[in-house]
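Provided below for reference: sequence and predicted model.
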Amino acid sequence: MMLVGAVLFYQAITRRSDGFRRLAMAVIALVIAKVFLIDASGLTGLMRVVSFAGLGLSLAGLAWLNRWAGVRSQGGGDPPQP
């Protein structure tokens with residue numbers, strides 16, 4: 001499922017499509033919810049802490065990438081060429 005979200009996000013960036021970007025974010029949000037609610041329940045101790053720290057860093061990076069893609073789709077992401 002994460003691969004589907006990544007492919008959709010790539011398509012959103014190449015096509016500069018807000019619709020694809022929102023769909024990709026929805027798919028990735030479902031994957032994150034599954035990881036948070038189902039997969040993390042089997043972890044204990046330090047492994048749980050490291051997993052949640054990694055998930056938090058991944059979400060921060062994804063938020064930055066989403067913001068960058070949103071600005072780029074509006075035409076303001078690339079600097080003007082001389």
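Now that the structure is in, tell me what you want to look at. Residues are numbered from 1 along each chain as shown.

counting contacts, what elements does the longest helix that the chain contains pack onto?
Criterion DSSP state H: the longest helix present in the chain is helix 45-73. Where contact means 3 or more C-beta pairs under 8 Å, 6 or more residues apart in numbering; DSSP states H and E, helix 45-73 is packed against helix 2-15, helix 18-37. C-beta coordinates here come from the backbone N, C-alpha and C atoms, glycine included.

which residues touch the first one?
When you say that, I think you mean helix 2-15. 17-21, 23-25, 27-28, 31, 65, 69, 72-73 (C-beta atoms under 8 Å, 6 or more residues apart in numbering).

what's the distance between residue 40 and residue 1?
Distance, residue 40 to residue 1, by C-beta to C-beta, to the nearest Å: 16 Å.

on that earlier part again, of the contacts of helix 2-15, buried ones?
Burial by neighbour count, judged by 16 or more other C-beta atoms under 10 Å, picks out 17, 20-21, 23-25, 27-28, 31, 69, 73 from the contacts of helix 2-15.

JSON lines please, covering the helices and strands packed on helix 45-73 and showing mean pLDDT and distance to residue 51.
Shown next, in JSON lines, are the helices and strands packed on helix 45-73 (pLDDT from 0 to 100; distance: least, C-beta to C-beta, whole Å):
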{"stretch": "helix 2-15", "mean pLDDT": "83", "distance to residue 51": "15"}
{"stretch": "helix 18-37", "mean pLDDT": "85", "distance to residue 51": "8"}
